[in-house]
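Undergrad: what follows is a predicted protein model with its sequence.
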Amino acid sequence: MSVPSAPPSGRLEVLALVPARGGSKSIPRKNLRDLAGKPMIVHSIEHAKAALTITRVIVTTDDLEIADVARKAGAEVPFIRPADFAQDLSSDYEFVRHALEWLRDNESYVPDLAVQLRPTTPVRDVRLIDRAVEAIAARPEADSLRTAVTACFTPYKMWHLGPDGFLTPILSLEGVEEPWNQPRQILPAVYQQDGFIDIVRPATIFEQSSITGRNILPFFIDRESIDIDYEHELAEAAALLTKDR
């Protein structure tokens, strides 16, 4: 297998990884379900191919049918993901590291950045992919980038259930007595990651054994994206995709 030609001088080599395992308990064969006229995984492949900053698109899957659909949509599937990295509790770190190691060891290919585009987030503005890549490219000290939105609820008002059956606050706040009893407006702003776009430097994977590393650059988006886990969310996503046409 030949190694892809080098990008134009000064241009980053940016790999898009689209993860799609065959198993799914909430929606069987979820990544292949029809969504606005095409298999759900195809939307993320098309987003990656349309982004100006992406130089290569690879699907990592354990499923031969998904692999076939991905290739027909224009993505590469140079390997089949081992089943050990495609379980319900498998972490992103495991399959991203496997992909990067396979490409390094079999093709001598190591991108500057790896962008993860989940098929379960099929409603995306492609321009945000390019803006996110440009954002982390401008911050060489950043180990990774995560898209984030304002949290819908503050963790300063959240609790653990103790072994004695009583609530224990998750967080305290220096200088603020009982933050769980204070107005939300005086508590610090907090954000939640939404899985819309994740970007990591391969060095973060190989040298820190982490999918995020220590310096995580936020990329704020103005609305929470749809992450499809249940049947009714397929209809919601289809309506949004149809509206955008």
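TA: Cool, got the structure. What you are looking at is a predicted structure, and each value in this text was computed from that prediction instead of being measured.

Undergrad: and the residue nearest to residue 61 when sequence neighbours are not counted, what is it in contact with?
TA: Nearest in space to residue 61, with sequence neighbours left out and distances taken as Cβ to Cβ, 6 or more residues apart in numbering, is residue 20 at 4.7 Å. Placement of C-beta: from N, CA and C, glycine included. For residue 20, the contact set (Cβ atoms under 8 Å, 6 or more residues apart in numbering) comprises 31, 41, 59, 60, 61, 63, 66, 70, 119.

Undergrad: distance check, residue 20 against residue 59.
TA: To residue 59, residue 20 is 6 Å away according to Cβ to Cβ, to the nearest Å.

Undergrad: same check, this time on residue 86
TA: Distance, residue 86 to residue 59, by Cβ to Cβ: 12 Å.

Undergrad: those two: which has the busier surroundings?
TA: When residue 86 and residue 59 are compared for neighbours, residue 59 comes out ahead with 29 against 21, by other Cβ atoms under 10 Å.

Undergrad: how far away from the center of its chain is the strand or helix carrying residue 234?
TA: Using DSSP states H and E, residue 234 falls within helix 231-244. Taking the mean of its C-alpha atoms, helix 231-244 sits 20 Å from the chain's own mean (Cα atoms, centre = their mean, to the nearest Å).

Undergrad: let me see the mean pLDDT of it.
TA: If you average the pLDDT over helix 231-244, you get 79.

Undergrad: ok, stretch 164-179 next?
TA: 95.

Undergrad: and if you look at stretch 118-134?
TA: Mean predicted confidence for stretch 118-134 is 94.

Undergrad: can you give me the end-to-end span of it?
TA: End-to-end span of stretch 118-134 (Cα to Cα, to the nearest Å): 20 Å.

Undergrad: report the buried residues of that stretch.
TA: Neighbour counts over stretch 118-134 (16 or more other Cβ atoms under 10 Å) mark 118, 119, 120, 121, 122, 123, 124, 128, 129, 130, 132, 133 as buried.
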